[in-house]
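Q: What would the 3D arrangement of this be:
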Amino acid sequence: MTRNTRLAKIALSITLSVLAMTLLIITCNNQRSKRQVAEYQVPDVTLIKHTGEAVQLIDYLATAKPLILEFIYTGCTTVCPVMMIKFANLQRRLEPDTEQVLMVSISIDPENDTPEVLTRYREQYQAQPGWDLLTGSVADIRKVMDAFNTRPTDMATLDTPVLLRAPGSQSWVRLTGEIDSRTFWSEYQNLLTPDQ
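A: Below you'll find the model as predicted:
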């Protein structure tokens, strides 16, 4: 093999490596987080707060406050703990008035996530007033997940949504993928701007 052939092969190898790394970076950036705006019809179901109180979801979510909603389950070891920490950090930034926004975490595993289990889970993340964890019947939780176009497998693929809605709005901002704290805070701030 001549010196020029060797150099050409090395150059080609380097070029292909750089191209592969560029494609990987682009793919990772595209999967980090995704933002969509959508309208959802909240189902008329009864769910149970971590306190044991029954709430009609359609009325409960018809709040005059900014609203942030997520789906979790206490046995989740992938995206749920990360998002719970982000919710907890958001609440800390809102102190002392943590009730200026309604934060809702709905369990997708109601057979295991009883109000008692959710209360302990909530305490683990030092949740303050304004952040409720909800459970319910399997059928009602399925209706809620269907209404918000969410599947249990989203937890495994790290594609579970965080849904944000401004007061009085019919539109929801749907964030999926790897949502960093800066983006999460920025999206919350956008809810406070009337023309968003």
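
Q: Name all residues that make contact with the residue nearest to the spatial centre of the chain.
A: Closest residue to the average C-alpha location of the chain: residue 162 at 2.7 Å, with Cα atoms, centre = their mean. If you count contacts by Cβ atoms under 8 Å, 6 or more residues apart in numbering, residue 162 has them with 68, 69, 70, 83, 174, 175, 176, 179, 184. Heads up, the C-betas are built off the backbone N, CA and C, glycines and all.

Q: List phi and psi for it.
A: Main-chain dihedrals, residue 162, degrees, to the nearest 10: phi -110, psi 130.

Q: Could you double-check that residue 166 lies in contact with residue 188?
A: No: contact between residue 166 and residue 188 fails when scored by Cβ atoms under 8 Å: they sit 10.1 Å apart.

Q: so where do the strands sit in this structure?
A: Remark: strands assigned in the chain by DSSP state E are 33-39, 46-49, 54-56, 67-72, 102-107, 131-135, 162-165, 171-177.

Q: Just put these in TSV and tack on distance to residue 95.
A: Formatted as TSV, those follow (distance: least, Cβ to Cβ, whole Å):
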stretch	distance to residue 95
strand 33-39	26
strand 46-49	22
strand 54-56	25
strand 67-72	16
strand 102-107	13
strand 131-135	12
strand 162-165	20
strand 171-177	23
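
Q: picking that back up, adding distance to residue 114 and neighbour count, write the contacts of residue 162 out as a markdown table.
A: Listed next are these as a markdown table, based on distance: Cβ to Cβ, whole Å; neighbours: other Cβ atoms under 10 Å:
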| residue | distance to residue 114 | neighbour count |
| --- | --- | --- |
| 68 | 23 | 25 |
| 69 | 20 | 22 |
| 70 | 19 | 21 |
| 83 | 21 | 20 |
| 174 | 28 | 18 |
| 175 | 28 | 21 |
| 176 | 28 | 20 |
| 179 | 28 | 22 |
| 184 | 28 | 20 |
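
Q: could you dump these to CSV with distance to residue 151 and pLDDT?
A: Putting those into CSV (distance: Cβ to Cβ, whole Å; pLDDT from 0 to 100) gives the following:
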residue, distance to residue 151, pLDDT
68, 20, 95
69, 16, 96
70, 14, 94
83, 16, 87
174, 14, 93
175, 16, 91
176, 12, 87
179, 18, 83
184, 22, 88
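
Q: and residue 109, what does it touch?
A: 73, 74, 75.
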